[in-house]
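J.: Provided below for reference: sequence and predicted model.
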Amino acid sequence: MLAEGTVLQNRYTILRHLASGGMGAVYIARDGRFRNTVAVKQAFFTSGDSAHAFEREARLLRNLRHPALPGVIDFFEEEGSSYLVMDYVEGDDLWVILRHRRDNGLGPFPHGAVVSWGDQVLDALEFLHRHDPPILHRDIKPQNLKLTTDGRVILLDFGLSKGAAGEMSRTVNDESLSGFTPSYSSPEQMRGEGTTVRSDLFSLAATMYHLLTGSKPVDANRRRIGESKSGTDPVEPVDALNPSVPAKLARVIERAMQLDPAARFASADDMRQALAEALPDPDEMLRVLEDVMEQIPEPPLAPGADELATVQPGASGGTKRPGQPDGGASPVIAALNEDRRRLEMRMWIAVGIAVVALVLSTGLLLRWLQYKPLIDEQIAASETNARGTRPEGASGGPANLTVDLGDGASITMVRVPAGSFVMGSQTADSDERPPHRVTIVGAFDISTCEITQAQWLRLMPANPSPTAGADLPVSNVSWVEAQQFVDALNKLAGGAHFRLPTEAEWEYACRAGTTGDYAGDLDAMAWHAGTSGDRVQPAGKRAPNAWGVFDMHGNVWEWCSDVYGPYPKGDVTDPTGPAVGPYRVVRGGAFDEPGEGCRSSNRNLEPGGKRDATIGLRIVRVAP
């Protein structure tokens, strides 16, 4: 076991041991480069094949992006051991919280909360299972579902119980087999016959059974034996153990836990639809979600927290739970953290509403707002505003606005004319569909490049970017901090209306009148994995699009103002996204993304408090 204070790769300082298993150990560590807290997995191998499998696993996971999966940061070997570095997810797993409820006489979880969490996991399984071949988790259980401090469920495996491959296993022809937990494992997995996507659904249903009843289900082998002897499945129905569970929901759990794989749901999407149909009244669901969050204990400050409390907020969202003091942090950083905590607290009930609405298949509680009335798309060529001037330019065409930040720093913006375009793609990812016509009513200005570190430091107290450079895009910035930069800019400019672009404005400006995947020659326009040398590059050095905007493809992802949600099915005008939801939109891809990740229509989502070394921002300005 690694001792506290051990430094790996001259970068990761071990803070404390979290857990150990037969195949490895997990530690909390500080990432000295990004200055954030991470989880480090150390794998113990008995063969070269196991080591190679672990490396393949690391490379696979590095390319997976989903809000219910932890991000992989690094993989390396040192002194005979292999290590996987992942986001550290703060919070308690559902097993710990269930025990707390039992010990305090609260009973099992209300069915509304369980269905909400189940829906989040099924969304992750949809993402994993649609790969070719499918990616299977094969050890879903309460211990591997962590509830974060902002109410999200993350699918983990800190126990390394499935063998050397670590977090998940990818199957070929359903032949791969690894460790399992009997109470939650399918009969085919326990018999060593391999697993399919239906095996993961069985494990999730068994997990939900436990959360709904407070009792582990009878394992599959005992069920088969009992059924062969008596002709009756010994598993008691969920609603028999907990009469408050609706009968429709109990039948969904039973179907997903059938011993015969063919009798289960065929896909995660099928099971999600069945859960949606089994839900009770939405108003009741909202009350249940609020009650559950109030009853969850505040995560205990873990041993070694003295070290964690001194770490500046980092790429994985920081180390502090809501309400925890900031210790020796500067007043500015303390204020940023306080703003973030307040935002998360205000958003929780709204998040609950959005999740419930999604599960009910009535939509994500959409309220497509129109953020301003019709405005004049022509601005006088000689127009001025505080700290900004616009030179002469063609009516309705590109004309630059220079926003003076002082001390020689400025932001150059270009005019984007009003118009309409087709947003999304019919042939790409499902969240880019359906393509729909969007009308942008008024012209707006957009910064020609991402906000650079020099520009950021004119208004903000510190540079969060892991790679320093005045002309590099600022990165490792959360959506909340991006908003704070905008607020500071508006204050400096004496009331001018700067903000983050809406997702529609971003794609409109990116396309610049084009209709394909890219606004031109991608390699000439973008810093992506094939052109960047795997590092962030100076802003504005590649070719611009037809409207004079640089780096819309690649270099760093860019925050949009919108809450992430499904696209509308019809034409819209000036859409601003759903009214509420747990995630914000990022666009454009980054220097470490393959070219297809930098498509004009490609969407990604991140929690608003998330920092990442590949996420930055650009701004827009609307007419007064």
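T.: Alright, I've got the coordinates. Numbering: from 1, shown residues only.

J.: what helices or strands is the strand or helix carrying Asp92 leaning on?
T.: Using DSSP states H and E, Asp92 sits within strand 91-93. Packed against strand 91-93 by the contact rule (3 or more Cβ pairs under 8 Å, 6 or more residues apart in numbering; DSSP states H and E) you find strand 145-148. All C-beta atoms are positioned from the backbone trio N, CA, C, and that covers glycine.

J.: name the residues that touch the strand it packs on?
T.: 89-94, 97, 117, 121, 153-156, 207, 296 (Cβ atoms under 8 Å, 6 or more residues apart in numbering).

J.: if any of those are buried, put those into a PyMOL selection.
T.: A single PyMOL command selects the buried members of these (16 or more other Cβ atoms under 10 Å):
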select buried, resi 89+90+91+92+93+94+97+117+121+153+154+155+156+207+296
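
J.: between all of the contacts of strand 145-148, which two are at the greatest distance?
T.: The most widely separated members of those, counting by Cβ to Cβ, are Glu90 and Thr207 (21.2 Å).

J.: what's the first helix or strand after the strand holding Asp92?
T.: Criterion used, DSSP H and E; the element after strand 91-93 is helix 94-103.

J.: send me that following helix as CSV with only the CA atoms.
T.: In CSV, the C-alpha atoms belonging to helix 94-103 read as follows (Å, rounded to 0.1, in the frame of the first residue of the first chain):
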residue,chain,number,x,y,z
LEU,A,94,-26.1,4.6,-2.0
TRP,A,95,-25.1,1.6,0.2
VAL,A,96,-23.8,3.9,2.9
ILE,A,97,-26.8,6.2,2.6
LEU,A,98,-29.2,3.2,2.8
ARG,A,99,-27.5,2.0,6.0
HIS,A,100,-27.9,5.5,7.4
ARG,A,101,-31.6,5.5,6.7
ARG,A,102,-31.9,2.0,8.3
ASP,A,103,-30.0,3.1,11.4
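
J.: in it, which residues are buried?
T.: Leu94, Trp95, Val96, Ile97, Leu98, Arg101.

J.: which residues touch Asn463?
T.: Residues near Asn463 by Cβ under 8 Å, 6+ apart: Gln453, Trp456, Leu457, Val474.

J.: from the residues you listed, which is closest to Gln42?
T.: Set against Gln42, the nearest of the contacts of Asn463 by Cβ to Cβ is Val474 (33.7 Å).

J.: what about the residue nearest to the closest one when sequence neighbours are not counted, neighbour count?
T.: Spatial nearest neighbour of Val474, chain neighbours left out: Trp456 (4.1 Å); criterion: Cβ to Cβ, 6 or more residues apart in numbering. For Trp456, the count of nearby residues is 27 (other Cβ atoms under 10 Å).

J.: for Trp456, which three-state class applies?
T.: On the three-state scheme (DSSP: H, G, I helix; E, B strand; the rest coil), Trp456 is labelled helix.

J.: for Met208, see how far away it is.
T.: In this view, Trp456 and Met208 are 45 Å apart by Cβ to Cβ, to the nearest Å.

J.: before we move on, what about Pro217?
T.: 10 Å.

J.: neighbour count for those two, which is higher?
T.: Between Pro217 and Met208, counted using other Cβ under 10 Å, Met208 has the larger neighbour count: 28 against 24.

J.: just the pLDDT for the more buried one.
T.: Met208 carries a pLDDT score of 98 in this model.

J.: any idea how far Arg130 is from Asp429?
T.: Separation of Asp429 from Arg130 (Cβ to Cβ) stands at 10 Å.

J.: right, I mislabeled it, should have said Gly419
T.: 35 Å.

J.: repeat that for Gly597.
T.: Gly597 sits 17 Å away from Arg130, taking Cβ to Cβ as the criterion.

J.: what about the two, which has more around it?
T.: Gly597 (19 against 15).

J.: so that one makes contact with Ala526?
T.: No. Contact criterion Cβ atoms under 8 Å: Gly597 and Ala526 do not qualify, at 10.1 Å.

J.: which neighbours do the two share?
T.: Shared contacts of Gly597 and Ala526, counting by Cβ under 8 Å, 6+ apart, come down to Gly589.

J.: report the contact partners of the closest residue to Cys598 other than its chain neighbours.
T.: In space, and not counting its chain neighbours, Cys598 is closest to Gly589: 3.2 Å by Cβ to Cβ, 6+ apart. By Cβ under 8 Å, 6+ apart, the residues touching Gly589 are Ala526, His528, His553, Gly554, Trp557, Gly597, Cys598, Arg599, Asn602.

J.: and the helices in the stretch 451-600 of the chain?
T.: 453-459, 479-492, 503-511, 522-525 (DSSP state H, counting those that start in this stretch).

J.: list of residues touching the shortest one?
T.: Here helix 522-525 makes contact (Cβ under 8 Å, 6+ apart) with 518-519, 528, 530-531, 542-545, 552-554, 595, 598.

J.: again, only this time at 7 Å
T.: The contact list for helix 522-525 (Cβ atoms under 7 Å, 6 or more residues apart in numbering) reads Ala519, Gly530, Thr531, Arg542, Ala543, Asn545, His553, Gly595, Cys598.

J.: what of the first one?
T.: The set of residues external to helix 453-459 that reach it, using Cβ under 7 Å, 6+ apart, is 405-407, 409, 411, 463, 465, 468-472, 474, 485, 488-489, 492.

J.: same question for stretch 526-536.
T.: 467, 472-473, 475, 523, 537, 542, 553-556, 589, 591-595, 598.

J.: gap between Glu606 and Val586?
T.: Counting by Cβ to Cβ - Glu606 and Val586 are separated by 6 Å.

J.: again with Glu236
T.: 46 Å.

J.: hang on, the earlier thing: tell me which of the contacts of Gly589 is nearest to Arg255?
T.: Asn602 (35.6 Å).

J.: could you pull up the residues touching the closest one?
T.: Contacts for Asn602 (Cβ under 7 Å, 6+ apart) come out as Gly589.

J.: show me the contacts for the residue nearest in space to the middle of the chain.
T.: By Cα atoms, centre = their mean, the chain has its centre lying nearest to Pro67, at 2.9 Å. By Cβ under 7 Å, 6+ apart, the contact list for Pro67 reads Arg152, Tyr583, Leu605, Pro607.

J.: domain assignment for this structure?
T.: When the chain is parsed with automatic domain parsing, its domains come out as 7-87, 91-288, 290-347, 366-621.

J.: need those in CSV with distance to Met1, can you?
T.: As requested, the domains of the chain are exported to CSV (distance: least, Cβ to Cβ, whole Å):
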stretch, distance to Met1
domain 7-87, 6
domain 91-288, 14
domain 290-347, 14
domain 366-621, 29
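
J.: rank those domains by pLDDT, which is bottom?
T.: domain 290-347 (a mean of 38).

J.: okay then, goodbye and thanks.
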